[in-house]
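J.: Give the three-dimensional model of this entry:
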Amino acid sequence: MTKYSLPYPLPLKIPHSPFPNFNYIRPIQIIGGNTDLRNYQVKIVLNKYNFPLEKCKVDGSDIRFRDEIGESLSYWIQSWDSDEAIIWCKIPYIPANRNKFIWVIYGNPSATSVSSGPATFEFFDDFVYKGEWSPYSGNPVLSPESGEEGATFVSVWKESETFHMYYSYWSSGGSMKIGHATSSDGKNWTKDDANNPVLSPGSATWENTHVLCPWVWKENDVWYMIYSGRGTSSEAIGLATSSDGINWTKEETNPILEGSGSGWEGDSVENFGVIKVGSTYYLWYESGASGERQTGLATSTDLLNWVKDSNNPIFIGGRFCPSQFKYGDYFYYLTPHYTSGTDYAEIELYRDTNPTFYPDDREFIKIIRSCPASGWDSHDLDTPFVLTYDIYKNSFPNNELWCYYAGESGDIWQTGLMIETDIDLALKKPLDKWITRQGDISVSDGLLHLRGTTETRGKIEGKTEVPIGAAIHVRAKYLQLDARTTHFCSMSKSNDDNYVVTIYERYSDGRPASVTMNAGVYSRTDWDSIDTPTDWHEYKIAWGESEVKYYQDDTLKVTHTDNIPTDNLVARFYEGTVSGGDIDIDWVFIRKHANPEPIVIV
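T.: This next block holds a predicted model:
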């Protein structure tokens, strides 16, 4: 096998190579069309006649693309098998009527895929969404000792190579105390019997019965613990500090936050989540004094003096003991929520661009955990805690999402763990890139479902507008025929059906029609036939200034030259009017389109 090497970037095997542990590199020639193209997506087809697919991993996850100056290129693998691979690669610049070379790098058994549709196209959705997060197979990770009823409501901090867990534990009829456990991997824990409890109830009447819900972190060589106290007079929130995470000193001015004595707080407040944003700490606390558990927010710059938010309570309706973290442009908020009185909680996920999560600003994403039918956490869930390496809650172990949580099956509280290896997928909101114009279109199992109905037709539109000179690609199949007026490969002006390019099913035998419409004036052509509509096919509309072309599997079916819309368009799916006709969508993307397209030679 010949190994091609570049003068720049440097060859594969030198110490500072940008391709460590990759074995092969080959050039790909691109011949430009009649105009310069920028950030243009080209289709690369690799097969057993032009490329050694057997030198790659079976799923192509070790393939990479670079340009002539060594910059990594975004790409998306449309399909990959032992005979053929179809890949789209985004090229920063393709000069008109000239040759352009990029390089494909491959042959690394330990590589993981960096294929990305969103990074490659103007618009992309593969409808792959993560449902509930994945529980660790070794759950529960912390359980009570014999005679105890709980080892739970935890926070975790990693210091050097050691994980430290702080948890609440108690025996039947006994006081709740705070214990300490350690781990080398965050999964297998050893309780610190020599030092436990590390925090016990005090003499003050707000904490002389129980201490619980420790939220611990280290900042500037000082360990901090915000905790809840329950006493004979009230329930309030305290602060303790430590130099070693073992020996704790309670703040003399405790409690740092207590109930107002009336309203939703009454004389009872309990902490959980804390995050620092800039120089301000945000503390979430809850109360059930009004009869249902509700959550409020307080802020401080010194951890001693707290200001309650004037919008409190911010979460109501049986939501309690939340936590918060930051990822990318969003703050995320996890909160247990009762689904049946005070039993059978689920854990909800919200996001906001601000850490305050006011009702008009936040977005509900999904439920990340619900009580299973059986098992150690089948009755109740509580205190979700996402592991990060700082109090800013934005650095994650191994770029993974680890969420500890409390659960019980009716009597014994224990601690479990959920692990998500793909944070973006775990936090992805279903149909986040779409606007629902009417009805309801469903997504499951990585597919968008268009279901014909005699009720309100579901219609969604993409949020990303594209100008003329674009192509939309859709992989779709009919589950059955007679899905009339279902628009399954379509672009329209945002919220305006008078500017459209679309393929929709028109006849009961599955034959579609193509429509090109500008300002309500349209051209329509019925297709002569459609090949095996109940199989998966790729449908494409290439929208240009002088013509619109409609394809099935790269076979041109129809060309329109009249009534071409010139306004910006968005992707659109529109359900049919006939009940029982169903179409599924696997993926959709919009890319730039030039006529003629560049020629790719492998």
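
J.: quick one: the residue of the chain most remote from its centre and G416, what's the gap?
T.: The centre of the chain is farthest from one residue, S203, which by C-alpha atoms, centre = their mean lies 45.9 Å away. To G416, S203 is 34 Å away according to C-beta to C-beta, to the nearest Å. No exception for glycine: its C-beta is placed from N, CA and C like everyone else's.

J.: just N34 next, same as before
T.: In terms of C-beta to C-beta, N34 sits 61 Å off from G416.

J.: What residues sit buried inside stretch 22-35?
T.: Burial within stretch 22-35, assessed by neighbour count using 16 or more other C-beta atoms under 10 Å, is assigned to 22-26, 28, 30, 32-33.

J.: And these, which two are furthest apart?
T.: N23 and G33 (33.7 Å; C-beta to C-beta).

J.: does the residue nearest to G318 when sequence neighbours are not counted belong to a helix or a strand, and which?
T.: Closest residue to G318 apart from its sequence neighbours, by C-beta to C-beta, 6 or more residues apart in numbering: Y338 at 3.6 Å. Using DSSP states H and E, Y338 falls within strand 330-340.

J.: Show me what that strand is packed against.
T.: If contacts are counted by 3 or more C-beta pairs under 8 Å, 6 or more residues apart in numbering; DSSP states H and E, strand 330-340 sits against strand 323-327, strand 343-352, strand 363-370, strand 380-386.

J.: Out of those strands, flag the one nearest I441.
T.: I441 lies closest to strand 363-370 among the helices and strands packed on strand 330-340, at 16.3 Å (C-beta to C-beta).

J.: quick one: contacts of that closest one?
T.: For strand 363-370, the external contacting residues (C-beta atoms under 8 Å, 6 or more residues apart in numbering) are 129, 131-133, 135, 332, 334, 339, 346-352, 381, 384, 403, 405, 418, 426-427, 429-430.

J.: Low-confidence regions, the stretch 351-500 of the chain specifically.
T.: 454, 482-484 (pLDDT under 70).

J.: how close does Y93 get to Y40?
T.: For Y93, the distance to Y40 (C-beta to C-beta) stands at 8 Å.

J.: Surely S134 is in contact with M418?
T.: Yes: using C-beta atoms under 8 Å, S134 makes contact with M418 at a distance of 6.0 Å.

J.: Closest one of the buried residues of stretch 22-35 to L447?
T.: For the buried residues of stretch 22-35, the nearest to L447 is I28 (32.2 Å; C-beta to C-beta).

J.: if we can go back for a sec, if we go by neighbour counts, what in the strand holding Y338 is buried?
T.: Under 16+ other C-beta under 10 Å, the buried positions of strand 330-340 are 330-338.

J.: Stretch 502-516 now?
T.: Neighbour-count burial for stretch 502-516, with 16+ other C-beta under 10 Å as criterion, is recorded at 502-506, 510, 512-516.

J.: Same question for stretch 320-333.
T.: 320-327, 330-333.

J.: Any idea how far apart the tips of it sit?
T.: Using C-alpha to C-alpha, to the nearest Å, the end-to-end distance of stretch 320-333 comes out at 11 Å.

J.: What average pLDDT does that stretch get?
T.: Averaged across stretch 320-333, pLDDT comes to 97.

J.: Also stretch 124-144?
T.: For stretch 124-144, mean pLDDT rounds to 96.

J.: Repeat that for stretch 293-303.
T.: Stretch 293-303 comes out at a mean pLDDT of 98.

J.: tell me the contacts of the nearest residue to Y75 once chain neighbours are set aside?
T.: Distance criterion C-beta to C-beta, 6+ apart; nearest residue to Y75, sequence neighbours excluded, is C89 at 4.4 Å. Counting by C-beta under 8 Å, 6+ apart, C89 touches 41-42, 44, 65, 73-75, 102, 120.

J.: mind giving me the domain split of this protein?
T.: Here the domain parsing of the chain from automatic domain parsing is 24-120, 148-427, 434-601.

J.: And for D562, the neighbour number?
T.: 11 (other C-beta atoms under 10 Å).

J.: ignore the last one, G261
T.: Neighbours of G261 under the rule other C-beta under 10 Å: 10.

J.: Distance check, it against E235.
T.: 12 Å.

J.: okay, and the common contacts of the two?
T.: Common neighbours of G261 and E235 (C-beta under 8 Å, 6+ apart) are D267.

J.: ok so, going back, okay if I get the domains of the chain as TSV plus distance to V141?
T.: TSV is the format used below for the domains of the chain (distance: least, C-beta to C-beta, whole Å):
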stretch	distance to V141
domain 24-120	26
domain 148-427	5
domain 434-601	30
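
J.: Quick one: the strands in the stretch 1-150 of the chain, in order.
T.: 24-31, 37-47, 64-66, 75-80, 84-94, 99-106, 123-125, 148-159 (DSSP state E, counting those that start in this stretch).

J.: Give me the mean pLDDT for the fourth one.
T.: In other words, strand 75-80. 98.

J.: what angle separates it from strand 99-106?
T.: Counting by axes from the mean of the first three to the mean of the last three C-alpha atoms, to 10 degrees, strand 75-80 points 70 degrees away from the direction of strand 99-106.

J.: Repeat that for the last one.
T.: Put simply, strand 148-159 runs at 130 degrees to strand 99-106, going by the same axes, to 10 degrees.

J.: And the pLDDT at the closest residue in space to E68 that isn't next to it in sequence?
T.: Excluding its sequence neighbours, the residue lying closest to E68 (C-beta to C-beta, 6+ apart) is F101, at 6.0 Å. Listed pLDDT for F101 reads 95.

J.: Touching, F101 and Q29? I think so.
T.: Yes: at 5.9 Å, F101 counts as touching Q29 under the criterion of C-beta under 8 Å.

J.: how about the helices of this protein, start to end?
T.: 117-120, 423-427 (DSSP state H).

J.: Quick one: closest of the ones you listed to T162.
T.: Here helix 423-427 is closest among these (C-beta to C-beta), at 23.7 Å.

J.: Just the CA atoms of the closest one, as CSV, please.
T.: Provided in CSV are the C-alpha atoms of helix 423-427 (Å, rounded to 0.1, in the frame of the first residue of the first chain):
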residue,chain,number,x,y,z
ILE,A,423,-22.9,15.3,26.1
ASP,A,424,-24.3,17.0,23.1
LEU,A,425,-26.6,14.1,22.4
ALA,A,426,-27.6,13.8,26.1
LEU,A,427,-28.7,17.5,26.1
